[in-house]
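**Student:** Let me see the structure of the following:
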Amino acid sequence: QVQLAESGGGSVPPGGSLRLSCAASTFTLDFYSIGWARQAPGKEREGVGCISSRDDSTFYADSVKGRFTISQDKNNHVVYLEMTSLRSEDTAVYYCAARPWCNPDKPTEYDYWGQGTQVTVSS
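**Tutor:** As a prediction, this is how the structure comes out:
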């Protein structure tokens, strides 16, 4: 059974950095690619990026490209979202999610979701 749990959210000033973690159930990262998505109040869910289970390749939304990095540690069943140069518009609930392969054309369509973690960027 696929289970995902995010952690690491919090409040940071503009320009700051934060690292989110997504703990996955055993074997999940061997068979599923993991993506990150976010949802701000009153807005639709937005795909942030995804990392492939097969070859660690990644893709990112234009809004975060160059500032956010996704990586994974399969030995410890964890996927990370490293966020730098944070802006107020990055404020949202961040979710990790799983699907068999990454699909940039469907950035918010996943089979399994975590519960989310709040990130607030404010001075």
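**Student:** and stretch 51-62, how far apart are its ends?
**Tutor:** 15 Å (Cα to Cα, to the nearest Å).
**Student:** can you list the residues that contact that stretch?
**Tutor:** 29-35, 46-50, 68-72, 79, 101-102, 104, 107 (Cβ atoms under 8 Å, 6 or more residues apart in numbering). Bear in mind the C-beta positions are built from the backbone N, C-alpha and C, glycine included.
**Student:** Please apply the same query to stretch 111-123.
**Tutor:** 2-14, 16, 18, 20, 22, 32, 38-39, 83, 86-100.
**Student:** Pull out the buried residues from those residues.
**Tutor:** Applying 16 or more other Cβ atoms under 10 Å to these, the neighbour count classes 4, 6, 9, 12, 18, 20, 22, 32, 38, 83, 86, 90-99 as buried.
**Student:** Please flag which of those sit within strands.
**Tutor:** In strands, judged by DSSP state E, the following of these are found: 4, 6, 12, 18, 20, 22, 38, 83, 92-99.
**Student:** Farthest-apart pair in the residues you listed, please.
**Tutor:** 12 and 99 (28.9 Å; Cβ to Cβ).
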